[in-house]
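Trainee: please find the sequence and the predicted model below.
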Amino acid sequence: MKKTFFVKIITLLTIITMLMLSTISCFKPTTETSDSTVKSSDTTNTLETTDPNYDKNGYWKDDIPDDLKFTGQTVTILAWNDVEHEEFNPESDTGDPVNDSLVARNRTVEERLGITLEFDRSQDGNSANTSAWKTYVGTQVKVGSNFDIMAGYSLSVATCAAAGYNYNLLDEECSYLNFDQPWWPDSLIDLATVHDKLYFASGDISTNALYMMYVCFVNDSIIENHGLTSPSVLVDQNEWTYDKFIEMCEGIYVDNNGNQLKDVGDIFGYMTSGIHTDPWFYGCGGLFVDKDENGDLIVSPTLSGDEGEKVLDTFTKINKLLWDSSDGIYTTNVNHQIEFANGNLLFATDRCRIAITQLNTNIDLDYSIVPVPKYDSDQENYITLMGNPFTLYTMPSDCQNPEMCSAVIEVYASEGYRQVTPALFETTLKIKYVSDEISSRMYDIIRENLCFDLGRIHSTDLISQSTIKNIYINNAAASWTTAAISATRSLEARLDILKQIYE
């Protein structure tokens, strides 16, 4: 049954709602006290407790002292101007719940610490501007930075870390940062901490982290018309695997445009492009950089080591789907977003954000969201790749007051957890037809195993992310062994760049 326009709008809100819920709950496990037990994903604001660890709305509180003040201080945050979704300093309240929660968060941070927040939005920092961002930050550090906190595109902040421009957030002077709190995701903090050094962090502090999880979009009309089992059912049965995905793509193809060519405009089981193939590599456990038993950075054995079999098998299977059958197709741009929105694809893999930016163009599109499949049923968990355009936070290496800045970052993150993350969820609760138990469970699974890779975050200084993409562009799964050996050699030669900053 097709969704009405009203229900589709509600579905879009529900998607963001689930992101809000999942982002909160994925970052830390259940918090237990002697008086009550509350999961960090509890955003219903109905908790009644006298436990002082919770605020009046039932959210976990930070441990910043109530009387901590830096009265009269101005704290300047260098924030990337070309951020994909605003998360820094909206001009004023507009009535939009997320916008207004950002305004409220900033106001609360200022009031709690007695400071004035000032945002420097003079620098772009996205994937096309990583070099310019690094140059600007480096120039500032050398002469005395005119900012206190850095908030930038993930790869831009990482390349600054490799150059020695970032402060170690685990330094004893950063005394107010508490990375055991639920607004800091273990999956990122554990990964990025090497030998007691941590040069960037993210979590509820970044609104964009809510939108950048890779998921699998499912055209429910095609599922129904072909009598296929819903992927959400397969998830529950531990049968949502690479092989099952490929099997479900069979027989979907229709020469929709009638030109007798397999091309954009036809109906496919799956279409993808560019870095949007990356979830398959990471979904089977692939990594570029890992740690050994001593915590030292190493090239991941999933490249050319003993653990590389799954990666090679994955490339072989997905390439066969895309190139050797009519069931799937690889394109050179993001046609898959448009084609899925037009109802021409059974599956598409992309970040959650396209539900808002692309899929609202077709009010009759009936779709759902599930995790990207796992390699096989023996694999313990689904693995969710985080897209690059989220914000990493840190301080410049010449930070003059790391104690104050650590307090600002901690309060900024905790207020994001309590005010920004629940904002849209709270609003959505008041709208009819939003309850979707299946979607809720799928998002719980999606967020449980977020995947970060230091090799990906530091790809500007290590090895291009196109290493994976080129295997698909060139229909060269058979050459992965050669490509992986080459990538391993390049990484081994360049990994010293990272090792030096963690010594």
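Mentor: Good, I have the coordinates. Residues are numbered from 1 along each chain as shown.
Trainee: quick one: the helices in the stretch 101-250 of the chain?
Mentor: With helices called from DSSP state H, counting those that start in this stretch, the stretch 101-250 of the chain shows them at 130-143, 154-162, 186-192, 220-225, 231-236, 242-249.
Trainee: pick the most deeply packed of the ones you listed.
Mentor: Of all the helices of the stretch 101-250 of the chain, helix 154-162 has the most neighbours on average by mean count of other Cβ atoms under 10 Å, namely a mean of 27. C-betas here are computed from N, CA, C, even on glycine.
Trainee: quick one: which of the helices of the stretch 101-250 of the chain is nearest D292?
Mentor: Comparing the helices of the stretch 101-250 of the chain against D292 with Cβ to Cβ, the closest turns out to be helix 186-192 (13.9 Å).
Trainee: would you point out which residue is most central in this structure?
Mentor: Central residue of the chain (Cα atoms, centre = their mean): M386, 3.3 Å from the mean position.
Trainee: how far away is that residue from F200?
Mentor: 13 Å (Cβ to Cβ, to the nearest Å).
Trainee: repeat for E380
Mentor: Using Cβ to Cβ, one gets 28 Å for the distance from E380 to F200.
Trainee: between these two, point out the one with more neighbours.
Mentor: F200 (24 against 8; other Cβ atoms under 10 Å).
Trainee: hmm, that one is touching A158, no?
Mentor: Yes: assessed by Cβ atoms under 8 Å, F200 is found in contact with A158 at 6.7 Å.
Trainee: burial measure for the nearest residue to Y253 once chain neighbours are set aside, as a count.
Mentor: Nearest in space to Y253, with sequence neighbours left out and distances taken as Cβ to Cβ, 6 or more residues apart in numbering, is S326 at 4.1 Å. Using other Cβ under 10 Å, S326 has 17 neighbouring residues.
Trainee: still on that earlier bit, I'd say the residue nearest to the centre of the chain and M212 touch.
Mentor: Yes: at 5.6 Å, M386 and M212 qualify as touching, with contact defined as Cβ under 8 Å.
Trainee: is F119 in a bridge, and if so with what?
Mentor: Note on F119: beta-bridge partners by DSSP bridges are I77.
Trainee: so what's it scoring on pLDDT?
Mentor: Looking at F119, its pLDDT is 98.
Trainee: list the contacts of it.
Mentor: For F119, the contacting residues are T76, I77, A79, F88, N89, by Cβ atoms under 8 Å, 6 or more residues apart in numbering.
Trainee: now, which of these sits nearest I275?
Mentor: A79 (24.1 Å).
Trainee: quick check, the closest one in contact with F88.
Mentor: Yes: A79 is within contact range of F88, at 4.5 Å (criterion: Cβ under 8 Å).
Trainee: spatially nearest residue to R351 (excluding sequence neighbours)?
Mentor: Leaving out its chain neighbours, the residue that sits closest to R351 by Cβ to Cβ, 6+ apart is G387, at 4.5 Å.
Trainee: next, count neighbours for the one you found.
Mentor: 21.
Trainee: ok, it touching A209?
Mentor: No: using Cβ under 8 Å as the test, G387 is too far from A209 to be in contact (9.5 Å).
Trainee: give me the number of residues near the nearest residue to L234 once chain neighbours are set aside?
Mentor: In this structure, L234 finds its nearest non-sequential neighbour in W240, 4.0 Å apart by Cβ to Cβ, 6+ apart. Applying other Cβ under 10 Å, we find 25 residues neighbouring W240.
Trainee: give me the pLDDT for W240.
Mentor: Looking at W240, its pLDDT reads 98.
Trainee: let me see the contact set for it.
Mentor: Applying Cβ under 8 Å, 6+ apart, we find W240 in contact with P231, L234, V370, P371, P373, K374, Y382.
Trainee: swap the cut-off to 7 Å and go again
Mentor: P231, L234, V370, P373, K374 (Cβ atoms under 7 Å, 6 or more residues apart in numbering).
Trainee: show the pLDDT at the first one.
Mentor: Translated: P231. What the model reports for P231 is a pLDDT of 96.
Trainee: what of the third one?
Mentor: In this model, V370 is scored at 92, pLDDT.
Trainee: spatially nearest residue to it, not counting backbone neighbours?
Mentor: P231 (4.5 Å).
Trainee: isn't D327 up against G269?
Mentor: Yes: using Cβ atoms under 7 Å, D327 is in contact with G269, at 4.4 Å.
Trainee: mind listing the shared neighbours of those two?
Mentor: Contact criterion Cβ under 7 Å, 6+ apart; residues bridging D327 and G269 by contacting each: C249, E250, I252.
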